[in-house]
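1. structure for the following, please:
(2 chains)
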Protein chains: 2
Amino acid sequence: MGKVAEAIDQALERILPPAEGKEARLMEAMRYATLAGGKRLRPFLVLASATLFEVPTERSTRVACALECIHTYSLVHDDLPCMDDDDLRRGMPTTHKKYDEATAVLAGDALLTYAFEIVSDPRTHHDPLVRAELVHAMAREAGAHGMVGGQMIDLLAESEELDIGAVTRLQQMKTGALIRFAVEAGAIMGRATKDQRQALQNYAHDLGLAFQIVDDLLDVEGTEEEVGKKVGKDGDAGKATFVSLLGVERARTQAQMLADQAGLHLEMFDEKAELLRLLPHFVINRRH
Amino acid sequence: MGKVAEAIDQALERILPPAEGKEARLMEAMRYATLAGGKRLRPFLVLASATLFEVPTERSTRVACALECIHTYSLVHDDLPCMDDDDLRRGMPTTHKKYDEATAVLAGDALLTYAFEIVSDPRTHHDPLVRAELVHAMAREAGAHGMVGGQMIDLLAESEELDIGAVTRLQQMKTGALIRFAVEAGAIMGRATKDQRQALQNYAHDLGLAFQIVDDLLDVEGTEEEVGKKVGKDGDAGKATFVSLLGVERARTQAQMLADQAGLHLEMFDEKAELLRLLPHFVINRRH
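-> Residues are numbered from 1 along each chain as shown, chains lettered A, B, ... in the order given. Okay, the predicted model is just below:
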């Protein structure tokens, strides 16, 4: 996973526009936010799912970079004072702290837009149908019925009581949607069968929830140094999370169960699915 | 133009996601911002340029709606307190005033994303190459090297002295880019020849500048009631505009000249270009 993260860092470094012209500050902020490291979980999933279908790495890497641009934009906007108001991200000042709010808004907008420019570029895939399908799936998962919709519900959650069903739906949108797109991207590029697509969707479903439960656990149990951002926020805001609803022990058991179950969906794939099979265990044992 | 605006209003009403679910507030804000009226200049340009190539209106209308979503998102983000801090838009409270800042950020994000979902949808065009090309052109013109880049330069312009060349480049990015995409969209859907594309680009160039010069004139000469938003802002902010650099009289002459010139680029087209030929004169004589 470290190797993939390194390869993605380098690919992002190359693919992001250089800081030039009077608008250089915008590109600087885009690069600052995106190149600050991170686990690169979503790019890893794109590459690993593309591997199942022997899609060349040059192609899947471009889609992986596009998805990371979308993930990064969502963090930049999420950290804004009018949203979560966070000063730290991955142990570094958030984009609006490093630059200013207006630059952060625009850098987020530009990163989101750039993701679609990357994916629709003929260099990403020679078949325009694959490009159009990737764009369509990415927009659907990132938009009002996916990630952004989840963020809206999350904001409203501070003043509303959510039960476990509502929290699950919220997280399937807020975090799950991009994880779903990551494996879908491999399936689209690899022209997967309907059964293979469904298996990957089921895998993404369980992995996404396991990931989020661990996120909630880290918010309760981690330190700011370990996690690289402020912790204990959900509790302070009175937000319902998997941990507040299930308790620490049941939440941990649930994450373990989901991680085990995620791998089971991949039975139809051969040893090329090894990376995908290992990932859930990495995800639930992470410390940040 | 009024008829087209009405048709676009109705199409947007249908194409925007309904306000449903716990995230309904997000869709409400998306709809509020988009359905507040407006001249629908960019959709008009998409339809009029598509008409040159006899592209069916159902197709061009979907692209026109997508472009209007992008235009609307840019206004919503531009009006935010950390950007232009505007309370009024088209005579109504801006989105963050009507809802709140976080909802406005998310509604803008969702509108931008939705534009790509619309364009990449098979219902927009049966040929995936056309869909992929539309996405690519739209992302390029709306992104860091287009509209968002222009907004960044515009923000920095408050603390920098721009000459006429710099203001022209800024406006070609900030306002011109989406106008360029509007006519490009018609050309892509209509599989225009290289010469036809170039002619339309030249037209868009002159039209975009004429439009912006009139915008600057209205900011100096219009009243808040007429224009539907705060006026005199650029002067207060000490920003260089076409009017501050050229003076009112020369700016008006320049706009008139550009409007005349825009039409001349369309000589190769027959009477189907009539709408495009009339538009520049409407644009420079508008009062809002």
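2. and residue A:88, what are its phi and psi?
-> Per-residue torsions, residue A:88: phi -130, psi 140 (degrees, to the nearest 10).
3. surely it meets residue A:94?
-> Yes - between residue A:88 and residue A:94 there is a contact at 6.6 Å, judged by Cβ atoms under 8 Å. For every residue, glycine as well, the C-beta is placed using N, CA and C.
4. which one's more surrounded, those two?
-> Legend: neighbour count by other Cβ atoms under 10 Å in any protein chain shown for residue A:88 and residue A:94, higher for residue A:94 (25 against 15).
5. show the contacting residues for the more buried one.
-> Residue A:94 is in contact with A:76, A:79, A:86-88, A:104, counting by Cβ atoms under 8 Å, 6 or more residues apart in numbering or on different chains.
6. hmm, try it at 6 Å
-> Applying Cβ atoms under 6 Å, 6 or more residues apart in numbering or on different chains, we find residue A:94 in contact with A:79, A:86-87.
7. of those residues, closest to residue B:253?
-> residue A:79 (47.5 Å; Cβ to Cβ).
8. any idea which helix or strand carries residue A:258?
-> Residue A:258 is part of helix A:248-264 when elements are defined by DSSP states H and E.
9. likewise for residue A:62?
-> Counting by DSSP H and E, residue A:62 is part of helix A:57-78.
10. hang on, the earlier thing: give me the mean pLDDT for the helix holding residue A:258.
-> Here helix A:248-264 scores 96 as its mean pLDDT.
11. any buried residues in that helix, and which?
-> A:251-252, A:255-256, A:258-259, A:261-263 (16 or more other Cβ atoms under 10 Å in any protein chain shown).
12. let me have the residues you listed in a markdown table, extended by distance to residue A:180.
-> Shown next, in a markdown table, are the buried residues of helix A:248-264 (distance: Cβ to Cβ, whole Å):
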| residue | distance to residue A:180 |
| --- | --- |
| A:251 | 22 |
| A:252 | 24 |
| A:255 | 18 |
| A:256 | 21 |
| A:258 | 15 |
| A:259 | 17 |
| A:261 | 16 |
| A:262 | 13 |
| A:263 | 17 |
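13. residues of chain A that sit close to chain B?
-> Residues of chain A lying near chain B by Cβ under 6 Å from any Cβ of the partner chain: A:17, A:22-23, A:26, A:77, A:82-83, A:101-102, A:105-106, A:109-110, A:112-114, A:116-117, A:120, A:128-129, A:131-132, A:135-136, A:139-140, A:142-144, A:148-149, A:151-153, A:155.
14. circling back to that earlier point, in its sheet, what does the helix or strand just after the helix holding residue A:62 sit against?
-> Using DSSP H and E, the helix or strand that follows helix A:57-78 in sequence is strand A:88-89. Sheet pairing here is set by DSSP bridges, and for strand A:88-89 it gives strand A:92-93 (antiparallel).
15. helices of the stretch 151-288 of chain A, start to end?
-> In the stretch 151-288 of chain A, the helices defined using DSSP state H, counting those that start in this stretch lie at A:164-174, A:176-189, A:194-221, A:224-227, A:233-236, A:242-246, A:248-264, A:274-285.
16. pull the residues that contact the fifth one.
-> The contact list for helix A:233-236 (Cβ under 6 Å, 6+ apart) reads A:219, A:241.
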